[in-house]
Every structure is written in structure tokens, then in C-alpha cells.
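*Asks:* this is the structure alone, sequence omitted:
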């Protein structure tokens, strides 16, 4: 009977239950448990297995720059990083509220690491997340315009709970990139969350975006209600 049950669990892809039940048989633990306890353990094992697989899938699809975690962030005072603020953001409430985060600071101070850590945490909480280097994203989207798959990719980006645009503002936007950014921000405004990291202070983003009407539209949707994090100190890469 046990062999049949194991085979049926495998056939139905109940891998969490399968491993848990096999462990019970190997240790004879099931003899000391009530039927309710056995059922509870099996269901809990299956639930945890599926949750772990979902988190792993979210992390693979996100394609983060760093395998970063909140626990490994350096909160030394010289960085100007408010630990309380970061921990509050790490509970995912900003995603639930459809809010944005803007991270600024000089090169090497840990902007990409912090945004990746917040993204990893979002995946752990079950939120679908995408990470992009901003310049590479615009380059990719321009190529997709040529083969006609641009609308499909934009629709895909729109559906993710959290979008991370890293290294924004390294170069002024041309007209195509400017309109792409406007479309992304417009699609996500008040419905999804976005994290943008940049070497430039937010006050200079207007110049990078260019074309005043478009810049006004983008910044109006992104900046005014966003959480701000301004990192300070010297480059961590030197250290």
C-alpha cells in the first residue's frame, strides 16, 4: 500500500508530500502520529514545497544583478542609510500600496545592491519582480520594435508587481527611449511599483529625460509620492 501511495504522489507531482511521507516510512514516525497529524504534515510539506518552487521561479525570472539580501546590507552611519526605513520597505507594503522607490548616490555606494536586495525580498514575499539595467532595457526594446514583438514585451513588463530600473540617467535619453520610459511609467502608474536607482540626484533627472512635456509627465508620476533613499559615502568597491 505504501509503495502504491508513493507512486501515486509521484504521478500527481505531489513532491513535497512524497518526500515527507517517504521520511515517515523510513523513520517509522507515522506509527506515533494520528491520522489528522499525518494529513497535516503532508499538506504542510506540499504547501512549503510549492511556495519554495514559486520563490525560486520568481528569482530566476527577475535576473538580478546581485544575489543580495536585506540582512547583508551595511547600515554604517556614513552611508546615510536609514535602517528603519529600509526594514519598513522590506515588508513589501510599498508594493501592496503601488508605491515607488527612488535610490540615488554616487557610483559604487551600493545602489544596485540595495535595489537588488529589495527585489529579492519582494520575490520571497511572492511578488513577481523584474530587474533591468536601464540602458540595456532601452536597447532591447528598440530591437524588439524592429521585429514586431515590442507590444508583447511591454505588456509583459506591465504585469510584474515590481520593476527595477537600475543605473538610470547614465546618458541623456533620445526621443525613442524617452517615449518608451513614458509608456512604462504610464502603464505602471498607480497600479504597480517601480524602483529606480541613479547616480544623479532626482533634481537632474529632468535634464536627462529631456523634452519638457514628457519629462513633466514622467516625473509627476514617479517622484512626488515616492520613497527617497539617498546613499552617501565613498565607493564600497574601493573598500
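*Replies:* Received it, and whenever you're ready, just let me know what you need. The structure displayed is predicted, hence computed values, not measured ones.

*Asks:* first vs last residue of stretch 72-88, how far apart are they?
*Replies:* 16 Å (Cα to Cα, to the nearest Å).

*Asks:* just say helix, strand or coil for residue 163.
*Replies:* strand (DSSP: H, G, I helix; E, B strand; the rest coil).

*Asks:* give the contact list for it.
*Replies:* By Cβ atoms under 8 Å, 6 or more residues apart in numbering, the residues touching residue 163 are 129-130, 132, 157, 184, 188, 192-195. From N, CA and C alone the C-beta is placed, and that goes for glycine too.

*Asks:* try residue 105
*Replies:* By Cβ under 8 Å, 6+ apart, the neighbours of residue 105 are 111, 199, 230-232.

*Asks:* residue 169 reaches residue 198, doesn't it?
*Replies:* Yes: counting by Cβ atoms under 8 Å, residue 169 touches residue 198, with 4.5 Å between them.

*Asks:* residues that sit against both of the two, list them.
*Replies:* Taking Cβ under 8 Å, 6+ apart as the criterion, residue 169 and residue 198 both touch residue 205.

*Asks:* on that earlier part again, of the contacts of residue 163, keep whichever come out buried.
*Replies:* The neighbour-count criterion (16 or more other Cβ atoms under 10 Å) marks 129-130, 132, 157, 184, 188, 192-195 among the contacts of residue 163 as buried.

*Asks:* circling back to that earlier point, identify the farthest-apart pair in the contacts of residue 105.
*Replies:* Within the contacts of residue 105, 199 and 232 form the most distant pair, 12.8 Å apart (Cβ to Cβ).

*Asks:* neighbour count winner among the two?
*Replies:* residue 199 (16 against 13; other Cβ atoms under 10 Å).

*Asks:* you'd agree that one is up against residue 104?
*Replies:* Yes: here residue 199 reaches residue 104: they are 7.4 Å apart, a contact under Cβ under 8 Å.

*Asks:* now the common contact residues for those two.
*Replies:* By the contact definition Cβ under 8 Å, 6+ apart, residue 199 and residue 104 are jointly contacted by residue 111.

*Asks:* run through the neighbouring helices and strands of the helix of greatest length in the chain.
*Replies:* Identified as the longest helix of the chain according to DSSP state H is helix 35-62. Here helix 35-62 touches helix 15-27, helix 111-124, strand 129-133, going by 3 or more Cβ pairs under 8 Å, 6 or more residues apart in numbering; DSSP states H and E.

*Asks:* turn the ones you listed into CSV, columns for distance to residue 206.
*Replies:* Below are these laid out as CSV (distance: least, Cβ to Cβ, whole Å):
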stretch, distance to residue 206
helix 15-27, 51
helix 111-124, 20
strand 129-133, 22
